[in-house]
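In: how does the following fold in three dimensions:
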Amino acid sequence: MAEPGVETRTRSSVITARAAASFEPVGRSVAAARAFVRDTLQGWGHGDVVDDAVVLTSELVTNAVIHAGTAADVLCLRTEQGVRVEVADHYPEREVPLQGAGRPVAALDRENGRGLLLCSALASRWGVDYSPASKNVWFQLDLPERPVGTRHAGPAVPTALLPVADERVRVAVLQVDPSGAITAWNDDAESLFGYAADQVVGKQLGDFAAWPHTPGTGTGLAEALQLSRWEGSYGLRGADGRVLPVYASHLRVRDTQGEPSTVCLLVRDDERAVLQTPARATASAGGDASGEGRSADPFEVFIGSPAPDDLDGLLQRTVERARDMLDGDAAFLLLATDDETELEVRASTGLPSARQRFARVPVEAGTSRYASARMPAVHEDLAAVPGAVPLLSGTGMRSVVTVPLKVEGRLTGSLGVAAEAPRRYANKEALRLQFAADRIALAVESARLGELERLRRGSLSFLVEASDLLAGTLDRDQTLALMAQMTVPTLATWCAVYTIADQSSDPYLSYVLHEDEERIDGLKELLSSIAPPEPVPTPGARVWNAPAEAAHRAALRASVQELGQEASAPLSSGIATTLHTATAVGGETVVLPLVARNRVIGMLTLGKPADDHFRQEILELAEDLSRRAALALDNARLYSERVSISQSLQRSLLPPGLPQIPGVEVDVIYRAAGEGNEVGGDFYDVFPIRDEAYGFAIGDVCGTGPEAAAVTGLARHALRLLAREGFGGPAVLERLNAAILDEGARSRFLTLLYGELWPQEDGSALLKVVCAGHPLPLRLRQDGTVEPAADPQPLLGVMDDLELYEQTVSLDPGDVLLCVTDGVTERREGARMLGDDGLADVLRSCTGLTAGAVAARVLRAVERFAAEPASDDMAILTMRVPEPHHQ
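Out: Numbers count the residues shown, from 1 in each chain. Sure, this is the predicted structure:
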C-alpha cells in the first residue's frame, strides 16, 4: 500500500526524450552522475529544474554506489509535464523508510537515508518500484507554467549590468550528420576558428573539439550529439593550433526525408549569455507566487531545512551542498581559531577526510591577495601554482574556489569547492559560493560556540576529576600511570611521559601507553630508538615529527624485508609489529613541557594514528592537564626523595647486624610505623664490648623526625663508645644523660634499657641491666613463670643528677629475656590496651620456643590485638639460653 505523497507508478504521459547511463560502485560515479543529469537537462532546455534534479540524483546515486555498494543505472525521461529521473540499484531487499510507517526515518544529518526525504521535499511526485533484480527510485519535476508565448522573461536592468560582448557578436553555426561529420560551416565559424568551410566539411567534429572528459561516465561528444538538446562548454581547436573555449547549444533535428542531424550554435565562452539558458527564477514568470517557497539556490533549500543539532553534521551537510551547487568533485570547510591566525579542517567531501580532519593551515599564507583566507579566491589551475592550496596537495584537484565565512566582520571560517578539471571556476562561481557562505556563516558560528561551550564544560569536569586523582597519590610511579591513563584515549591515541631528574640529566622515557595494549611494546621500542624531544620550557604544544619519521623508515625496511619473503610465507611477528607501530604513530605528535617550580621536569607526549590531527580545543585541554600533572609529579618526586632520605637515616640509626654470641640466641624484630616518611624514635643495639662480654640496648626517644633522630644517633653511638671505654652500666647512662641535656632545646627525653651479658661455662648467662624509665624486661623461666628482670629507674634527658644502679640477672638454660618498646605494651583497641600483663600472658605461651619464634609470636599477638595498623614504632629484642640438648 502506497503512503501519502508516494506513487508506485507514473501517470500516463508521452515520453519525448530519453537518456540513460550506468555508473560503477565507486566514489567518482556520484560526480559523474551529477554531470550526466545536468548536461542532459540543459540539453533539453530545462534549466529551471536542473538544480533540484542534480541534487536529488546525487543523493540517490550516493545511496546506491556508496552505501548499498552496487552499480547505479540513471535514466532521464522528458514528458509533456516535466522531467522524470529514475535511479536503480540492485538491493531490492532493502527497506524503504516511508513516512508514517511507524518506524523512525533516517536522521537528516546522516550520510545515508536522506534521498527519499529530499524527494518528498523537492519533487512534484516520486515513488519506488521493485523488481526481482533491482530497486528503482524515481522522481518527477514538473516544469513551471508560463503565460502563452513566453518561455522566459527577465526584468529590465541598467545598461551597466548587461553582459559584455564584442561589438560584433559572432555565432558559429555548424551542422553535423549522424556519423559526426561536419556538413555545414557558416562565415562566423570561419571568423572564430580560422577554417574555411571547404577545410572542415566532411571531417569529424571530434577532430577539432576538445571535449571535457568526465571519468566514470561514457557521456562524450558522440553521445551528446545524439541528445535532442544539449548545452554546455567545451573547446574547439583553431587553425593556429590553440583551443578556443566556446559555449555551445546543440539541437537535434530531422530533414524532410527523416534523416537526423545536429545543429550546433557556438559563441566565445565569455559571451555565453547569448546562448545560455537563463537561470531558474524564484517565482514563475507570470508572477504566480505559487512556487511553494522553493529557492533557486539548493544550498538555501537544504541548510534552511531543520538543521542538524550538532556542529559536525551541519558542517558536513554544508560541504555536500556546496559541492553539489557548483558541480564540484570535492569541497571542504575550515573553522578559524579564536585568534584568527589558523584555520582547522572540520568537514570535507571528496577528500581523504581522515587525513585532513583537524589539519591546520595559516590564515595568511603570503603577501598576495589570494594568499589570505579573508578574501574570496579562484585558482583556475593549481598545476600552475603548486602549493597554493596545501590542503589539496596530492588529491588530483586542479581548480578551486574558496570564500571566507564572516560574522560581523570577523573571520570565522573558509568554504571551498574543488574540481579535477582546470578552469572550472571563475568569479561568477566565487560570488555564488560567497552568497551561500554568507547565509550559513551565522548558523555555523552559533553551532561552533555551542559546541565550544559544551566542550569547555566537559573540560572543566575532566580537569576537576584529574586534579582529584593526581592529588590522591604521592607515589611517583602511580602519578606517571595516572597521567597516561587520563590522556588515553580521552585526548590522544597514545601517550609517552619523559622525566628529567635534574638540569644536567637527559630526558628519560618513563612511561608509555597506547589504547591498544598490543601496541605498547612496539611503541616503547620505537621511542627508545630515537632521541627524546628537547626540554623546551615554552608553554603550549609543539609538533614533534621524529616518531612518525622513524616509524616510516622502519616500515619501509620491514616492507622491503617482506618483499624478500616467499609469497606463501606468513608475515613474521617482527614485521607485523613494525608496520602496526608505523600506523599507530603516523599521525600528529605533540610535546607539552612539564614545568614545576620554574624547572622543566619532563615532557608529556601525545600522539594520533596515521593521518590524524589534534583539535585545537584538545591541545588547550592537554596543556591545562600538563600543568596540573607537572606539579603532582614534582610533589611525588619531592615526597619520594624525602622518604628515601628518611629511610636511609632510619637505617643508619639501626645496627648493621647482630653479633654471634656463644651459648645465647639473639633475635630482633623492628617495625617502623606510618608510610616511612618520618624517622622513628625507637632503636636497639647488640654489640661486643670486649672478649666474652657483650652490650645490648633498647630505647625510645620522645617524638619523631630529625630531632628524635639526632638523639637516637647520639644515644646508640655513645653507648658503644662508653661501654668499650670500660664504664659500667650506671656510668654509661649517667654520661649519656649529660650529653642529651647538653643539646639544650634540641634535647629529647629518652627511655632506655641497657645491659651487659657474659656467657658462662655452665651454659647459663649472666646479665647486668639498668632500666631507665623503659618498659621492664620480662624473664620467662623454663617452667612458664614470667617475672620482671629489673626495677624501674628515672628516664634520661630530664634531670641533671641521676643516681642509677645496675641489677644482676641470671638466665638458666631454657630461660628467655624479652625486651620491648612501648609500641608493644601500649597497643590499643578502643579503650583496651595490651599492657604489661597482656604481654606477660603472651610470653607464658612461648615456653620451649627459640628466641626468633618468641619474637614472632609477640609481634603476631600485637598485630592481632587491634584491627587498625600500629601507630607507633615497635622493637622486640629476645635473648634465650638454649637447653643443653639444643646446643
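In: was I right about G180 contacting G206?
Out: Yes. Using Cβ atoms under 8 Å, G180 is in contact with G206, at 6.0 Å. (Glycine included, C-beta is placed from N, CA and C.)
In: find the residues that touch each one of the two.
Out: Contact with both G180 and G206 is made by residues L221, A222, according to Cβ atoms under 8 Å, 6 or more residues apart in numbering.
In: which residue comes closest to R18 once chain neighbours are left out?
Out: Distances taken as Cβ to Cβ, 6 or more residues apart in numbering place L77 nearest to R18, at 5.6 Å, with adjacent residues excluded.
In: given whatever helix or strand that neighbour lives in, what are its sheet partners and their directions?
Out: Element membership for L77 (DSSP states H and E) is strand 72-79. Strand 72-79 has these partner strands in its sheet, going by DSSP bridges: strand 15-23 (antiparallel), strand 82-89 (antiparallel).
In: where does the stretch 651-800 of the chain dip in pLDDT?
Out: By pLDDT under 70, the low-scoring segments of the stretch 651-800 of the chain are 674-680, 704-706, 746.
In: ok, the stretch 351-500 of the chain next?
Out: 352-358, 365-371.
In: run the last query once more with 80
Out: Within the stretch 351-500 of the chain, the segments meeting pLDDT under 80 span 351-361, 363-373, 386-388, 390, 408-409, 455-456, 458-461.
In: what residues does the longest strand anywhere in the chain touch?
Out: In the chain, taking DSSP state E as the definition, the longest strand is strand 243-254. Contact partners of strand 243-254, identified using Cβ under 8 Å, 6+ apart, comprise 43, 172, 192-193, 210, 224-238, 260-272, 274-276, 423.
In: list the residues that contact the residue lying closest to V37 once chain neighbours are set aside.
Out: Excluding its sequence neighbours, the residue lying closest to V37 (Cβ to Cβ, 6+ apart) is T57, at 4.6 Å. The contact partners of T57, taken as Cβ under 8 Å, 6+ apart, are A33, R34, V37, V74, V85, V87.
In: what pLDDT, on average, does stretch 270-286 get?
Out: Averaged across stretch 270-286, pLDDT comes to 59.
In: mind listing what the longest strand of the chain pairs with, with the direction of each?
Out: Assessed with DSSP bridges, strand 243-254 is paired to strand 229-237 (antiparallel), strand 260-268 (antiparallel).
In: check for me that E453 belongs to a helix.
Out: Yes. Assignment of E453 by DSSP: H, G, I helix; E, B strand; the rest coil places it within a helix.
In: neighbours of it, how many?
Out: Neighbour count for E453, taken as other Cβ atoms under 10 Å: 10.
In: can you check D52 too?
Out: 24.
In: against S22, how distant is it?
Out: 23 Å (Cβ to Cβ, to the nearest Å).
In: most centrally placed residue in this protein?
Out: A492 (3.4 Å; Cα atoms, centre = their mean).
In: what about that one, which helix or strand?
Out: Under the criterion DSSP H and E, no helix or strand holds A492.
In: likewise G663?
Out: In this structure, G663 sits in neither a helix nor a strand according to DSSP H and E.
In: mind listing what S414 touches?
Out: Contacts of S414 (Cβ under 8 Å, 6+ apart): L333, L334, A336, L343, A373, T402, V403, P404, L405.
In: name the SS class of F727, please.
Out: Per three-state DSSP, F727 ends up coil.
In: what about the closest residue to it other than its chain neighbours, neighbour count?
Out: Nearest non-adjacent residue to F727, counting by Cβ to Cβ, 6+ apart: R735, 7.0 Å away. Close neighbours of R735, defined as other Cβ under 10 Å, add up to 16.
In: give the contact list for R735.
Out: A718, L722, F727.
In: dump the residues you listed to JSON lines, plus neighbour count.
Out: Output for the contacts of R735, formatted as JSON lines (neighbours: other Cβ atoms under 10 Å):
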{"residue": "A718", "neighbour count": "16"}
{"residue": "L722", "neighbour count": "21"}
{"residue": "F727", "neighbour count": "15"}
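In: and E623, how far is that from T487?
Out: With Cβ to Cβ as the criterion, E623 and T487 are 12 Å apart.
In: next one: D52
Out: Distance of D52 to T487, given as Cβ to Cβ: 48 Å.
In: could you do R374 as well?
Out: Distance, R374 to T487, by Cβ to Cβ: 35 Å.
In: neighbour-wise, which of the two wins?
Out: T487 (26 against 14).
In: ok, now which ones touch that one?
Out: Going by Cβ under 8 Å, 6+ apart, the list of residues near T487 reads C495, L513, L604, L606, A622, L625.
In: helices along the stretch 251-400 of the chain, start to end?
Out: Along the stretch 251-400 of the chain, counting by DSSP state H, counting those that start in this stretch, helices occupy 298-303, 311-325, 353-356.
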